[in-house]
Structure formats: structure tokens, C-alpha cells
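**Student:** Got a sequence here, can you build the structure:
(chains A and B)
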Protein chains: 2
Amino acid sequence: MYPATAIIIVLQCMLTKAQNKYIRSLTQQKFRYENKVFIVEGEKMAKEWLASNAHIEYVVVTEPWASANTALLKKQGNAKVCVATDIEMAQITTLSTPGEVLLVVAMPGATPPPVTQSWYLLLDRIQDPGNMGTIIRIADWFGISHLVCSPGCVDVYNPKVVQSAMGGHLRVNIYEEDLPDFIARLTVPVFAATLDGANLYSVPRLGAGALIIGNESKGIAQNIVSLATQKVTIPAFGGAESLNAGVATGILCAYLVAG
Amino acid sequence: MYPATAIIIVLQCMLTKAQNKYIRSLTQQKFRYENKVFIVEGEKMAKEWLASNAHIEYVVVTEPWASANTALLKKQGNAKVCVATDIEMAQITTLSTPGEVLLVVAMPGATPPPVTQSWYLLLDRIQDPGNMGTIIRIADWFGISHLVCSPGCVDVYNPKVVQSAMGGHLRVNIYEEDLPDFIARLTVPVFAATLDGANLYSVPRLGAGALIIGNESKGIAQNIVSLATQKVTIPAFGGAESLNAGVATGILCAYLVAG
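**Tutor:** Numbering: from 1, shown residues only, chains lettered A, B, ... in the order given. Below you'll find the model as predicted:
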């Protein structure tokens, strides 16, 4: 008789050297887009993805994690489940402390956001992966279904973006398009976050609109600001010159987006 | 005749091996507190500190930067100005891309925040350096002069905290104390950011108060929540389970803090 854990191992494969190399290549944007996949890590996030209807290519797990999560792993019909040693997990992880589970997930097809009477977030050249992930998490919190990134934004499937979006990729439709082209199709008011706009506290909350957030140091490009219905500014009472792009997005959404 | 730049170099020293080693040691909290100093980097931040009345121990610069900023360097009466090569800058930097100027700055003496009718931010075990820096920057933006950190918060002089606070350390008084002890002295209403509190949108803006922000995964300790006048929550309309601690702090301050 084998102990239960031994039987589980028989049903799974050990991570091969080729798979190890493939997964490590996915830290590079080029290989993510060649293979149309990205990495999801951390137990909480991995469980959220495993419970979703996302297409998962690989589930890489340590043997103890596999033993503790047999029911969840049995449900992954199409995914290849691979068992890795702690050393291998340390080789393939994108985290500073490797976890016990790593997923390779297929990118969802990017769908052009429909022209609706709801809210949109438009990002002009957001560069910092932490900011991008935080903004996706904010969109998810406020129920903003569509995020449009200009060319020149950081890749939304960068592991740090995925990590800080905390599952937002599962619920927010993320699309890349030149912002002037996208704005031309919109039928809702467009707000531009600037340092010289109307006092945010005087702008009413709305059921539909679009909010443009600009690059961390350069702000929104002038030709895009000029397409906005209104410029808005968060009033400052202290000595700081600006707010972090993610924090500013959160404050603007909390004031502008009504359900 | 010497060219002008050569004269400048004569007035300054080359970075010694001992100074190089000393500065590198300051990435460790232990050595920062032994020497009561911390590192400030990046041209914009360095210029803000050089223009302040902070006590600066070392100004480490590349030769081209020194030549371009002679007037600013001449004003640094007490600081030792050291010229470093690009290789030395790469050795001592805490940034992923070394800059052309790095400061070693004396920690300001921590002053117990006075009991006033103004706003306070209280942080319970904030762990992430980026969040801590972002929160200091938010306090600076909203003119909140006093930030009280519980024991167990990340060190506010960690280089990543200093980097993301964007000069907030110059204007925000940061103090460490057990939060129950500090709250016991307060005479303003105390708000606790939780997931089960009153709808933030129903709470009026106030000229004075204290806002408690909790640990990124555990929230605020129960014994501290119980000391609050009111629990407040940012209403969610989407699928995200929570917001980033920095973003939540920004939204709460934007709603609660009136000038």
C-alpha cells in the first residue's frame, strides 16, 4: 500500500528542465506575448485563478501543497499539474520569497471596450508596475469594467503588475489603444486628472464617465488633455508637490464614480 | 590657470574606501540607527533636501553633477562633499539605476506629537516600504503634520520608504509609540479604517481627528479598533476584496480631512 500522498504524485508529473526554462522565460515580455501566457503566484491569488474559468496552462506546486489541495487540483481538467522541489520553485519564482504554487495562465483575448453609459479608466503611459497593478485593483474595487492603456504603458502582464492587481485581471477588461481614437468613440463625459483643473470636491458623482490618468512624471499628454470635457484636481493642504498615480486614481474614483 | 571644474575638485574630496563602506552599511536598519542617519537619493529629492535646513552629513556626487551645481554645493557649509566615480555611485546606490547625487542625512529628533485640534495619522504595523512612503506622501499632501507608527511598522528611514515619500520626511513629524498609549492622550475623534464600518460617504469632513490604518493583511489589531470613536469603510461596487493600504489612506484622507 502507498500512502495517499504517494498516489497523488503518481497522477502528476515532475517539472522538467524544459518546463523550468520555459517558465523562467516568461519574466520577459517578449516571451509572454510569443506564448500568450503570464505568471500568477502567491497562494491566495493562485486559488482565485484556479477557482475562475481562466484557461490555465500549468499549475506548478510543491509536494506538500499538492497534498493539502488535492480536491482543488483534481478540478483542473485542462491544466498540466507539475510538482517542483523547493529549489526549482526558487528558480522559477518572480517573488522575493518563493511560494508553493505558481500558475501559467493564458492571456484573455483583449476585447475592444463597448461604448456604454458606464465608467472607463484611461491610462496615458503609466510606467511603474506597482502603480499599474494598484490601478487595476482600484478599477476592480469601484466596479469599473474597462481599462484602456495607451501604447507606452508598462505591460499589464508583468509579474509585478499581476501581483499588485490582486486578481483584478479576472474582472477588469484591459485593452490597448491610442487614447484619442478611443475617446473619439465615447459618449460619456471625459475627466482629465491634472494639477490645474476644477476642485474635485465641486464635481458631482456620476453614473458614467471616463477618467484619464497620466504618466507618473509627465502627466497626461497635452493633445489628450485637450480632448477632455473637464480637468479635475485633488485639492492639497500641505507641502507635497503631487500624489502617487495610484493614490490619485483611488481618490478621483472615490469621488467621481457612483456605483 | 586651471579650468573652473578643476578648482572645484580641489575644494572637494574623493570618496574614500571607508566612506564607501560606511554608506553601503546604511542599507541596514541597524547601522542607520547606530549612526542616526539615512540615505536620500535622486536628483529631485536631493535638491529638496539640500535646500532645506536638514543636517546633511555627506553629499556624494559625480564630477559632472558637481560642476553643474557649484552654487548649490557651496551653500552646504557643514556637509562633507565627496566626488565619486560612476562605479562608486553604483556601489553605494540603493536605486536600481544609480543617480549622480546621494546624501547621507541626519535623522531629525523624534518629537512626541502635541495634543492639538488637528489631524493625525496612526499606522498599525504597516509592513510594505512602498505603502509607508506613499502614506507619508499623502500626509504631506493633506497637511497632516503628525504620523504615529506602532512598533512593528517598517522603518520609515528604509531607502524605499524615503524614495516613495518624495520629501514628505521634511514636513511630516514621524513618531513611534504604542497606539493605545497615544490614543489615550488624544482629544479628537478617532476613525478606524475597517471593512465593516460606517459608509465613508456618510461621514462629514472635519478639521481635526485621527485616522488609524492597519496592517496590509491583518488590518488593525482588535484592541486598537475598540479604542476608535467610529469605524469607517470605503464602499465597494466591484469584485475586489480590498484596496491597497496606501490607496485606502488617500481616499479616507480626501473624505475626512478638511484643510
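**Student:** quick one: which helix or strand includes A:Lys44?
**Tutor:** Using DSSP states H and E, A:Lys44 sits within helix A:43-50.
**Student:** And the contacts of that helix?
**Tutor:** A:40, A:56, A:59, A:65, A:72, A:75-76, A:99-103, A:105, A:162-163, A:166-167, A:170 (Cβ atoms under 8 Å, 6 or more residues apart in numbering or on different chains). Using the backbone N, CA and C atoms, a C-beta is placed for each residue, glycine as well.
**Student:** and chain A, what are its domains?
**Tutor:** A:4-106, A:119-256 (automatic domain parsing).
**Student:** Those: which one's closest to B:Ser118?
**Tutor:** domain A:119-256 (10.7 Å; Cβ to Cβ).
**Student:** Would the closest one count as contacting chain B?
**Tutor:** Yes. For domain A:119-256, a contact with chain B is found by Cβ under 8 Å from any Cβ of the partner chain, at A:130, A:134, A:137-144, A:164, A:166-168, A:170-171, A:200, A:234, A:236-244, A:246-251, A:254-255.
**Student:** ok, of these, which come out buried?
**Tutor:** Neighbour counting by 16 or more other Cβ atoms under 10 Å in any protein chain shown classes A:130, A:134, A:137-144, A:164, A:166-168, A:170-171, A:200, A:234, A:236, A:238, A:240, A:242-244, A:246-251, A:254-255 among those as buried.
**Student:** Mark which of those residues are part of helices, please.
**Tutor:** Among those, DSSP state H puts A:130, A:134, A:137-141, A:164, A:246-251, A:254-255 in helices.
**Student:** would A:Val148 count as being in a helix?
**Tutor:** No. Assessed with DSSP: H, G, I helix; E, B strand; the rest coil, A:Val148 is strand; it does not lie in a helix.
**Student:** does it have beta-bridge partners, and which?
**Tutor:** A:Leu122, A:Tyr175 (DSSP bridges).
**Student:** What's the local residue count around A:His169?
**Tutor:** 27 (other Cβ atoms under 10 Å in any protein chain shown).
**Student:** State the pLDDT value of it.
**Tutor:** pLDDT recorded at A:His169 is 97.
**Student:** How about A:Thr5?
**Tutor:** What the model reports for A:Thr5 is a pLDDT of 51.
**Student:** Tell me where chain A has strands.
**Tutor:** A:13-14, A:37-41, A:56-61, A:80-83, A:101-106, A:119-123, A:146-149, A:173-176, A:190-199, A:209-213, A:230-233 (DSSP state E).
**Student:** Pull the residues that contact the shortest one.
**Tutor:** Right, the one you point to is strand A:13-14. A:80-84.
**Student:** make it 6 Å
**Tutor:** A:82-83 (Cβ atoms under 6 Å, 6 or more residues apart in numbering or on different chains).
**Student:** Pairing partners for it, with directions?
**Tutor:** Strand A:13-14 is paired, per DSSP bridges, with strand A:80-83 (parallel).
**Student:** swap in the third one?
**Tutor:** Taking DSSP bridges as the criterion, strand A:56-61 sits next to strand A:80-83 (parallel), strand A:101-106 (antiparallel) in its sheet.
**Student:** could you dump these to CSV with mean neighbour count and mean pLDDT?
**Tutor:** Shown next, in CSV, are these (neighbours: other Cβ atoms under 10 Å in any protein chain shown; pLDDT from 0 to 100):
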stretch, mean neighbour count, mean pLDDT
strand A:80-83, 18, 95
strand A:101-106, 22, 98
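**Student:** can you give me how far stretch A:64-75 is from the chain middle?
**Tutor:** 26 Å (Cα atoms, centre = their mean, to the nearest Å).
**Student:** Check whether A:Glu63 really touches A:Ala84, as I assumed.
**Tutor:** No. If you go by Cβ atoms under 6 Å, A:Glu63 and A:Ala84 don't touch, sitting 8.6 Å apart.
**Student:** Against A:Ser25, how distant is the closest residue to A:Cys82 other than its chain neighbours?
**Tutor:** Counting by Cβ to Cβ, 6 or more residues apart in numbering or on different chains, A:Leu15 is the residue found nearest to A:Cys82 once chain neighbours are left out, at 4.3 Å. Here the criterion is Cβ to Cβ, to the nearest Å. By it, A:Leu15 lies 14 Å from A:Ser25.
**Student:** okay, those two: which has more neighbours?
**Tutor:** A:Leu15 (22 against 13).
**Student:** is it true that that one touches A:Glu88?
**Tutor:** Yes. The pair A:Leu15 / A:Glu88 is scored as a contact, 5.5 Å apart, by Cβ under 6 Å.
**Student:** which regions of the stretch 51-200 of chain A lie under the pLDDT threshold?
**Tutor:** The model of the stretch 51-200 of chain A has no residue with pLDDT under 70.
**Student:** rerun at 80
**Tutor:** A:77 (pLDDT under 80).
**Student:** Could you point out which of the ones in helices among the buried ones among the residues of domain A:119-256 next to chain B is nearest to A:Tyr33?
**Tutor:** For those, the nearest to A:Tyr33 is A:Ser164 (20.4 Å; Cβ to Cβ).
**Student:** residue contacts, that closest one?
**Tutor:** Counting by Cβ under 6 Å, 6+ apart, A:Ser164 touches A:130, A:133-134.
**Student:** nearest spatial neighbour of A:Val60, skipping sequence neighbours?
**Tutor:** A:Leu102 (4.5 Å).
**Student:** Can you tell me how far the one you found is from chain B?
**Tutor:** Separation of A:Leu102 from chain B (Cβ to the nearest Cβ, to the nearest Å) stands at 20 Å.
**Student:** what sits opposite that residue in the beta ladder?
**Tutor:** A:Glu41, A:Val60.
**Student:** Wait, it touches A:Gly42, no?
**Tutor:** No. At 8.9 Å, A:Leu102 does not count as touching A:Gly42 under the criterion of Cβ under 6 Å.
**Student:** what about the residue lying closest to A:Thr85 once chain neighbours are set aside, how many neighbours?
**Tutor:** Spatial nearest neighbour of A:Thr85, excluding adjacent residues (Cβ to Cβ, 6+ apart): A:Thr62 at 7.5 Å. By other Cβ under 10 Å, the residues close to A:Thr62 number 19.
**Student:** Isn't A:Thr62 up against A:Val101?
**Tutor:** No. With contact defined as Cβ under 6 Å, A:Thr62 does not count as touching A:Val101 (7.6 Å).
**Student:** Provide the backbone phi and psi angles at A:Ala208.
**Tutor:** phi -150, psi 140 (degrees, to the nearest 10).
**Student:** who's in contact with it?
**Tutor:** Counting by Cβ under 6 Å, 6+ apart, A:Ala208 has contacts A:117-118, A:188.
**Student:** now with 10 Å?
**Tutor:** Residues near A:Ala208 by Cβ atoms under 10 Å, 6 or more residues apart in numbering or on different chains: A:116-120, A:186-189, A:257-258.
**Student:** Now do it against A:Pro114, distance only.
**Tutor:** 13 Å.
**Student:** quick revisit: in this structure the residue nearest to A:Thr85 contacts A:Glu88, no?
**Tutor:** Yes. Taking contacts as Cβ atoms under 10 Å, A:Thr62 lies within contact range of A:Glu88: 9.0 Å.
**Student:** who touches both of these two?
**Tutor:** A:98, A:102.
**Student:** Name the residues of the helix holding A:Lys44 that come out as buried.
**Tutor:** So helix A:43-50, judged by 16+ other Cβ under 10 Å, has buried residues A:45-46, A:48-50.
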